[in-house]
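Engineer: The following comprises the amino acid sequence and a computationally predicted model.
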Number of protein chains: 4
Amino acid sequence: MLVIMKDHASAGDVQHVVDLLEEAGAEAHLSRGEVKTIIGVIGDREVIYSLEFEGLSGVEQVIRVLKPFKLVGRDFQPEDTVVDLGKTAVGGGAFAVIAGPCSIESEAQMFACARAVKASGATMLRGGAFKPRSSPYAFQGMGVEGLRLLRAAGDEVGLPVVTEVLDVRDAVVVAEYADVLQVGARNMQNFMMLEELGTMQRPVLLKRGLSATIEELLSAAEYILKGGNRDVILCERGIRTFETYTRNTLDLSAVAALKSLTHLPVVVDPSHATGRRDLIGPMSRAAVAAGSDGLMIEVHPDPEHARCDGPQSLTPEDFDLLMDDLGPRIVLEGKTVEVSG
Amino acid sequence: MLVIMKDHASAGDVQHVVDLLEEAGAEAHLSRGEVKTIIGVIGDREVIYSLEFEGLSGVEQVIRVLKPFKLVGRDFQPEDTVVDLGKTAVGGGAFAVIAGPCSIESEAQMFACARAVKASGATMLRGGAFKPRSSPYAFQGMGVEGLRLLRAAGDEVGLPVVTEVLDVRDAVVVAEYADVLQVGARNMQNFMMLEELGTMQRPVLLKRGLSATIEELLSAAEYILKGGNRDVILCERGIRTFETYTRNTLDLSAVAALKSLTHLPVVVDPSHATGRRDLIGPMSRAAVAAGSDGLMIEVHPDPEHARCDGPQSLTPEDFDLLMDDLGPRIVLEGKTVEVSG
Amino acid sequence: MLVIMKDHASAGDVQHVVDLLEEAGAEAHLSRGEVKTIIGVIGDREVIYSLEFEGLSGVEQVIRVLKPFKLVGRDFQPEDTVVDLGKTAVGGGAFAVIAGPCSIESEAQMFACARAVKASGATMLRGGAFKPRSSPYAFQGMGVEGLRLLRAAGDEVGLPVVTEVLDVRDAVVVAEYADVLQVGARNMQNFMMLEELGTMQRPVLLKRGLSATIEELLSAAEYILKGGNRDVILCERGIRTFETYTRNTLDLSAVAALKSLTHLPVVVDPSHATGRRDLIGPMSRAAVAAGSDGLMIEVHPDPEHARCDGPQSLTPEDFDLLMDDLGPRIVLEGKTVEVSG
Amino acid sequence: MLVIMKDHASAGDVQHVVDLLEEAGAEAHLSRGEVKTIIGVIGDREVIYSLEFEGLSGVEQVIRVLKPFKLVGRDFQPEDTVVDLGKTAVGGGAFAVIAGPCSIESEAQMFACARAVKASGATMLRGGAFKPRSSPYAFQGMGVEGLRLLRAAGDEVGLPVVTEVLDVRDAVVVAEYADVLQVGARNMQNFMMLEELGTMQRPVLLKRGLSATIEELLSAAEYILKGGNRDVILCERGIRTFETYTRNTLDLSAVAALKSLTHLPVVVDPSHATGRRDLIGPMSRAAVAAGSDGLMIEVHPDPEHARCDGPQSLTPEDFDLLMDDLGPRIVLEGKTVEVSG
């Protein structure tokens, strides 16, 4: 941490900062220029992040050089994390294709969808049982009955399943049915849920918040790893900007940046990011080329009757064509799409 | 709802939309122009918000004229909601001044703060026992011991207390200590928490999410009212934009807009919005003039040693000066700042 | 400037940075910690801002402590700039009320408007002769004939006039008619225009760009002052964010921030910021309370027939009521609204 | 255009809107529901975009179905525009690689760069002679001497050259030296410059503004086409968001969206979008996969001494490696990179 003092800050102000630092258990190293004094601070991450010197007398700016996360960093673990899901994996060259309906609506819909995406080469099955909806008047999901259908469909086609934990109180129940627990964008900074998931032995798919920075996404993942759960998959799903043509703005630079900052796998959700069926193909291709470790795509056997996100869902036929198109592109990046058994 | 068909959409496409609408229980009214056909839709809010026609063949655009909320609207209840807190109130001419430390750190700090803000004229006492922090390495709050101190301090000085519910599982415990339950910006779309608070008999202070639109904030409040709890106070606390000089961008237009859209009281938090002590005065004055029903201000007896948000906390002396300045301004708006007893 | 080296950067990398600095004419001061070396740099603003070290080997971060502007800063000139317009002034306690139509449409409209706003107490007359429009199919303004009408109307009612310079080639012509030259938001970083206006002896009203930071606005003003023209009035007119309820998001924190960073007067345009007639009143009141030195408000004798910005224009009657409401508020801030003669 | 009246708007309000529409030369078609009346409007683009009914009595919302542009649309011209530059082309399968330094600094630098990028397979040479800089203290470019060097270097290596027109008054001079005239992001809505370029016989490379929507970019291009110049190349170069890790946020969805909305070629500038050398490779690959018609990349023979944008410039060696990597990817998209002679 650097504390930059104002021009001609008084000796008393400088000393006061130094005293506070030492009181907190950090070391202070002074660098006095003609105009400016800069105080370099050395100390533990916990200490540094508990100090808030921005408002002190004579202080112009405080710069935290130490990042707010540690366990998720490439510095801490240079090699890629590979999340092992039994029949398949994510990260370290294993490319995940996570497909299925936005929300689970019926046994017929769920099983039709599961068979279709499996036939086209998906490696994981998705489906929402608890749906976060801006309006309380929109469809809220089938709940536990939906979980049961998802599990059964996954078992039939031999794919691991992922679904969202919307309420921290449901985490254990969801974990009885799901192989991967999803944290939605609106819960990315639900720190109590992150802590709870950190104590569980179940991989987590953590979606980036609508207005979360890359650093905040990594700090949220750090909560989970700090609790002992090392199996976290990050998901870029678009950020909120001024542009209204697309539902959100897919930030593919974040994928490339994350791949260098962290060892965790990073997947991309072009469905929620764009909200437009016609953009899912190009953005899937771009995500593969940007270095992502997987894709998460909404597929519905009958998008016109979907109770959620119909406009951005692919039909099984379109998904199949997309998978054919993506195959050689994934190979070109040195990755493989595989499910055993 | 309006479904605008593409230029020269086929009769079959139009009929298909009409069929789907009728199947869902809505009425369709066609308006055929030479180039465009527009389908007006009449139906319940639940039906309208469950229809997703954006991706249908021949459909260009879908416009929801009906707002996603009802109970919070001025149409539903023209007169102001007044949240009654016994000794004081918020809304309908009663202006709230909610003051106290960002986080509760010790008995001495909490009581010193409570006495100071009461002496200066605050109407409610705030203090965080559970702190949401981006980094898991930052101070996380004192927990239930903090709640106990807050309650005791509030009782001593005769002020109702407000504190954040960070975890839905703690809602009942927090409600044992607090008069008002705060939902933080990061939990504004934690729908399960909103539903839980909707079933409780405790007023809720709902903060706007960092990237939540005005409509989303009202929809979040609708969740609480729909559950039966009519006592919601909205709080504008700055939105996330590209500007980095301030921590967030305080959106005072939203205050004026909310006052015409909803009957619920609206307060402003200039401390979190700006993150800068020197801007709290001007933004408090501006919030009063914009029509807000209250202010939420961080005050700390010793900001330099604050474990959280020191840079934006006022000293008791500065808070006292600010209250003197604000007094006549609040009167000018036809409002009063009062605590009985 | 501070150059923060990566952890354990090599001595060679450090020396290389130092060499480049000295080559450029700056002084380097090393501060070596156990883990990090930090290089403090002292030199002219021109030198500092011509160095781009972010990509050098071993460099982690470069922090420019020196602001990119000088002449506009409070450090350079502590006392307020007062822009003298003969019959009236802006800044240093003189509050400007700049009113008139978005675009000049006819002699009748311009004169009716001028008489009305003068009668209500405006201190300056505005009107657009050259209109920047997103679409080439929208009304583009009356051009020089509009300038002539504006000048004549201003002369009749005894108010100085302000109008936009849309094309740098028209600056001299516009200056023949106008007392104050306006730079629109879309031209805030049209640096060639800023340089041209810097050489002219005519006050400039510089609007903040839709996505310009406070620092960029000040740097744009610096271009004008650097050319020799000291009479610049800054204007906050809303920034572009994700919120769509209002046309832009009025950033009143920026007004308070600018008042402490610069000696230049700062006015607020609530009409363009909100795009909604019903929000102009509350935002005008808030702008006064936030410390602004003036307001810029669109008034049209017949908003329904306005060729531009009708939805956000006040009628003369509404403007008159607003002025009555604002009067005591401006006095409360210790400012005066005055036109002589 | 649709005018949606408020619930239970009076017959008088409805009639008033109809009268104003007919007065303006448009046709009104009423659709009366039980609660709402909707007025469909048919008329010329010029008429529609000159009507501003949002503020009329009884009007709830106005929706413009007709887009604000025409000539740039796929509806108007389904087949791709191919911009012919003699030795090479852009669009319709011809992929452009535009490379060179951010700013032209010396004869040695310019020629070294030109030879290097030509050897690696670039199809166009770029270099800035007039530099737009936020701060007036930063390097502003070599001016006409720079243009001369760029032209000479382009001629020597046999590549067409592109450079920015910073000042509309320089457009003719720049056109004497350059094959393609660039409009920078900050000038995207400098409508007078767009009109000027519309009258010239020189292709234009139009960069998206920092906070410009896709629709605004197309409307800006419409200004040029409306003037008679059909050779416009669009350029996505990142938009301004809250994320600070990258300089801007590259919006690759916009590339795919533009390719379906317009027949104009679309290129991507990953250098300015990310501001980080390490992200240029992944974002170039992603841009190719997203369907772009070209790339614009900063290359400098000695990035450490670059006077502008060094941190994001590639060395000739890195550029050569990138070109090798991109070759098969461009072929995979069915495009070719070619320069004749």
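Structural biologist: Nice, thanks for sending it over.
Engineer: Can I get stretch A:212-226 as PDB, trimmed to CA atoms?
Structural biologist: The C-alpha atoms that make up stretch A:212-226 are tabulated as PDB, following Å, rounded to 0.1, in the frame of the first residue of the first chain:
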ATOM      1  CA  ALA A 212     -19.100  -6.200 -10.800                       C
ATOM      2  CA  THR A 213     -15.500  -5.500 -11.800                       C
ATOM      3  CA  ILE A 214     -13.100  -8.200 -12.600                       C
ATOM      4  CA  GLU A 215     -11.500  -7.600  -9.200                       C
ATOM      5  CA  GLU A 216     -14.800  -8.000  -7.400                       C
ATOM      6  CA  LEU A 217     -15.600 -11.200  -9.200                       C
ATOM      7  CA  LEU A 218     -12.200 -12.600  -8.100                       C
ATOM      8  CA  SER A 219     -12.800 -11.400  -4.500                       C
ATOM      9  CA  ALA A 220     -16.200 -13.100  -4.500                       C
ATOM     10  CA  ALA A 221     -14.500 -16.400  -5.600                       C
ATOM     11  CA  GLU A 222     -11.900 -15.800  -2.900                       C
ATOM     12  CA  TYR A 223     -14.700 -16.100  -0.300                       C
ATOM     13  CA  ILE A 224     -15.500 -19.600  -1.500                       C
ATOM     14  CA  LEU A 225     -11.900 -20.700  -1.700                       C
ATOM     15  CA  LYS A 226     -11.100 -19.200   1.700                       C
END
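Engineer: can you tell if it touches chain D?
Structural biologist: Yes. Residues of stretch A:212-226 are located near chain D by C-beta under 8 Å from any C-beta of the partner chain, namely A:213-215. Heads up, the C-betas are built off the backbone N, CA and C, glycines and all.
Engineer: So which of these is the closest to A:Ser120?
Structural biologist: The shortest approach to A:Ser120 among the residues of stretch A:212-226 next to chain D belongs to A:Ile214, at 31.7 Å (C-beta to C-beta).
Engineer: which SSE is A:Leu197 in?
Structural biologist: Remark: A:Leu197 resides in helix A:191-198, with elements defined by DSSP states H and E.
Engineer: helices or strands next to that helix in the packing?
Structural biologist: Here helix A:191-198 touches helix A:171-177, strand A:180-183, helix A:214-226, going by 3 or more C-beta pairs under 8 Å, 6 or more residues apart in numbering or on different chains; DSSP states H and E.
Engineer: Could you see whether chain B lies near the worst-scoring helix or strand of chain A on mean pLDDT?
Structural biologist: The helix or strand of chain A with the poorest confidence is helix A:45-50; it has a mean of 73 (mean pLDDT, DSSP states H and E). Yes. With C-beta under 8 Å from any C-beta as the measure, helix A:45-50 is seen reaching chain B through A:45-46, A:49-50.
Engineer: so A:Ala175 makes contact with A:Leu181?
Structural biologist: Yes. Between A:Ala175 and A:Leu181 there is a contact under C-beta atoms under 8 Å: 6.2 Å.
Engineer: want to throw the helices and strands packed on helix A:191-198 into TSV with mean pLDDT and mean neighbour count?
Structural biologist: Shown next, in TSV, are the helices and strands packed on helix A:191-198 (pLDDT from 0 to 100; neighbours: other C-beta atoms under 10 Å in any protein chain shown):
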stretch	mean pLDDT	mean neighbour count
helix A:171-177	96	16
strand A:180-183	98	24
helix A:214-226	96	24
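Engineer: For chain C, which of these is the nearest?
Structural biologist: Chain C sits nearest to helix A:214-226 of all the helices and strands packed on helix A:191-198, at 13.5 Å, using C-beta to the nearest C-beta.
Engineer: Go ahead and confirm A:Ser260 touches A:Pro78.
Structural biologist: No. Applying C-beta under 8 Å as the test, A:Ser260 and A:Pro78 come out as separate, 11.1 Å apart.
Engineer: Tell me which of those two has more neighbours.
Structural biologist: Set A:Ser260 next to A:Pro78 and count neighbours by other C-beta atoms under 10 Å in any protein chain shown: A:Ser260 wins out with 12 against 8.
Engineer: Please consider this matter closed, and thank you.
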